[in-house]
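Colleague: Have a look at this prediction, sequence included:
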Amino acid sequence: MSDIISPPKPGTPPTREALDALRHSCAHVMAQVVQELFPGTKITIGPPIDNGFYYDFDSEHRFTEEDLARIEARMLEIAKGDHVFNGKVVTKDESRAYWAARGEKYKVEILDELTGTVTHYTHDTFTDLCRGGHMADTSSIRFVKLLSVAGAYWRGDEKREMLQRIYGTAFFSKDELKAYLRQLEEAKKRDHRRLGEDLGLFSIHQMVGAGLVHWHPKGTALRRAIEEYLRSKLECGGYSFVMTPHVSSEELYKTSGHLQNYSDLMYGAMDIEGNPFRAKPMNCPNHIMIFKSKLHSYRELPIRYAEYGTVYRFERSGVLHGLMRVRGFTQDDAHIFCRVDQIESEIADLLALAKAVYGDFGFTDLTCYLSTRPEKSSGEAELWDKAIVMLRDALGGSGLKFEVDEGGGAFYGPKIDLKVRDAIGREWQVATIQLDFVLPRKFGVKYRDSSGGEEFVVMIHRAILGSFERFIGVLIEHYGGKFPLWLAPVQVKVMSLTDAQNEAAEALAKALRAAGLRVEVDLRVEKIGHKIREATLEKVPYMAVLGPRDVEAGVVSVRRQDGTQVNGLKAEDLAARLAEEARTKSLVPTLA
RNA sequence: GCCGAGGUAGCUCAACGGUAGAGCAAUCGCUUCGUAAGCGAUAGGUUGUGGGUUCGAAUCCCAUCCUCGGCUCCA
């Protein structure tokens, strides 16, 4: 068969195609083992995925972690037989007869949706209905690790059978497998839920409710550093900040259509003097109220309203995840009210702004996804086409790499989503830029054009960070809790060697605070090694140590988080240099 | 919401039908010390919550809340 993939030559990195073929082959062998060890198990599908593969099974047996080790061991044993993967073209009827005879109802169901002939792939004792993409034989299957068991719906449909999915990964070399498992370990160490607690950033309480975040002093310091930074960026970019209520009458959401289309995600109604009110699930209708409070000329557009808007959405309990997916969150939201002819330049500005903002946080690898008109859409086709051309042009001019998701847009307009790649190579969806032709019509949001007539505005919904919650979650994992100076909740920890230095320590702290730095002082009667250990675990970027020799010489000894040392600095110099490092948002320590 | 695994001191965990323990943290005392853990003592728990089984429940059963791995969804 032509779709047999060769393993990479030694010393060359494997192609995507080769990895997929290896992992897909692993999925077949895993299915073979599972049916061998757990008779009666029905097979469904088992594709390769980004970092491995899975296979979904329908089985009476509940797979456990211990089963995984057994299955893995047996897989390797079978693979050693160097069994060839044989592809064979069969007719649909032959195939159906084959699977029906074995009671494989899922395979029969898949067949119903295929046309023409199909292929069966056989290795050793196992045959699967499969379009191919395998290694020549099982000899490449040597470095495999089964990772977890999870539930998954057949066809991803929650109304269908719940299957058991076994995830695994495989590589062509031991080193690559080890490197991947190390990366998983590293990701675990960076888990923002763990670090958030260890570093005292935030907490979530059963008594308050799932998905509702409490920001502690240190988390608040971090968040405020980001808020302040973005506020000044946006004000320079021509945005005006607004603030809107956290609850609104249902009337508002009837008009916007949220109540009809979005009510599953909204908190229930509160009765206020006989009228139903809702916690706000998004800020746009409120911004529209502000826009509509007076008549606007075409000359005034674009008008850009920004709000750090806190919204509440009733996410299903199973999807909540630390800061990444919560029920109450604050978006760095904005709505741009503009004319059709302004779309392209607004989008271009937005992309440039996003690029600059992400650069300041140390994210340089960005990918955009342009989503175009879906089947069910609202608004004139001509307007859609025009807008998509403008989005494409803006993306083309931005220098950002982008992919197109045909038909992936919202019903009310096309959109651009932005993903960033973090320090250990994971992608996160953050920014979103959505054009909206519909809401302006629902609310009658118009401007007076040059000929004195009325024209609907185009709204651009956009968030650059997404939400402070998710973005800070991403940041924690990106930096592994070791924030650059400008973001660190505590930037300098001043510590005295003995209480003879306490006064000098307080004076130093005062000087540093006067320079705008966030400072803590440790005057405890503890050995300096103990204080340093604690400050290191707290991931404080700079420790300023004062002992008798320092005080006598009128200087301070500075230790950086990584253990390197700068001695003999004058207090004023230290304050000025750290303030400068924070001001320039340096991602690396500059004190040397 | 669904499938699976969990919830024991502030944290990490032990005890798995028979008196709830340890380390770290906390508090108190001693220690005044030069770059990742000084010493001792004390205190700390209706075992997530509510029911049930049992002579006896952290342990078994039911319900419920929350957490974790996923599905689906999403900022």
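Modeller: That came through fine. Numbering: from 1, shown residues only, chains lettered A, B, ... in the order given.
Colleague: make it CA atoms for all contacts and neighbour counts henceforth
Modeller: Fine.
Colleague: which ones are touching the residue nearest in space to the middle of chain A?
Modeller: Central residue of chain A (C-alpha atoms, centre = their mean): residue A:428, 2.9 Å from the mean position. For residue A:428, the contact set (C-alpha atoms under 8 Å, 6 or more residues apart in numbering) comprises A:419, A:420, A:421, A:422, A:474.
Colleague: Mind listing the strands the strand or helix carrying it pairs with, and their directions?
Modeller: Taking DSSP states H and E as the criterion, residue A:428 maps to strand A:427-436. The pairing partners recorded for strand A:427-436 under DSSP bridges are strand A:415-421 (antiparallel), strand A:458-467 (antiparallel).
Colleague: Give me the contact list for the last one.
Modeller: This points to strand A:458-467. By C-alpha under 8 Å, 6+ apart, strand A:458-467 touches A:284, A:329-340, A:354, A:430-437, A:439-440, A:471.
Colleague: Filtering these by proximity to RNA strand B, which remain?
Modeller: Counting by C-alpha under 7 Å from any atom of the strand, A:329, A:331, A:430, A:431, A:432 from those sit close to RNA strand B.
Colleague: How far off centre is stretch A:504-511?
Modeller: 41 Å (C-alpha atoms, centre = their mean, to the nearest Å).
Colleague: in it, what counts as buried?
Modeller: By 16 or more other C-alpha atoms under 10 Å, the buried positions in stretch A:504-511 come out as A:504, A:505, A:506, A:508, A:509, A:511.
Colleague: which regions of chain A lie under the pLDDT threshold?
Modeller: A:1-2 (pLDDT under 70).
Colleague: partner residues bridging the residue nearest to the centre of chain A?
Modeller: With DSSP bridges as the rule, residue A:428 is bridged to residue A:420.
Colleague: ok, now how distant is it from residue A:367?
Modeller: Per C-alpha to C-alpha, to the nearest Å, residue A:428 is found 10 Å from residue A:367.
Colleague: what do you get for residue A:57?
Modeller: Per C-alpha to C-alpha, residue A:57 is found 34 Å from residue A:367.
Colleague: With neighbour numbers in mind, choose between the two.
Modeller: The neighbour comparison of residue A:57 against residue A:367 (other C-alpha atoms under 10 Å) goes to residue A:57, with 26 against 17.
Colleague: Quick check: the more buried one touching residue A:43?
Modeller: Yes: if you go by C-alpha atoms under 8 Å, residue A:57 and residue A:43 touch, sitting 5.0 Å apart.
Colleague: Find the residues that touch each one of residue A:428 and residue A:367.
Modeller: By C-alpha under 8 Å, 6+ apart, the residues touching both residue A:428 and residue A:367 are A:419, A:420.
Colleague: and the residue in the stretch 201-350 of chain A positioned nearest to RNA strand B, how many neighbours?
Modeller: Here the residue of the stretch 201-350 of chain A nearest RNA strand B is residue A:318; by C-alpha to the nearest atom of the strand that distance is 3.0 Å. Per other C-alpha under 10 Å, the neighbour tally for residue A:318 reads 6.
Colleague: At which residues are the helices of the stretch 101-250 of chain A located?
Modeller: Using DSSP state H, counting those that start in this stretch, the helices of the stretch 101-250 of chain A run over A:105-112, A:174-189, A:192-198, A:217-236, A:250-256.
Colleague: Revised request: answer the last question for the stretch 351-500 of chain A.
Modeller: With DSSP H, counting those that start in this stretch as the criterion, the stretch 351-500 of chain A has helices spanning A:381-398, A:439-443, A:468-479.
Colleague: which of these sits most buried?
Modeller: helix A:468-479 (a mean of 22; mean count of other C-alpha atoms under 10 Å).
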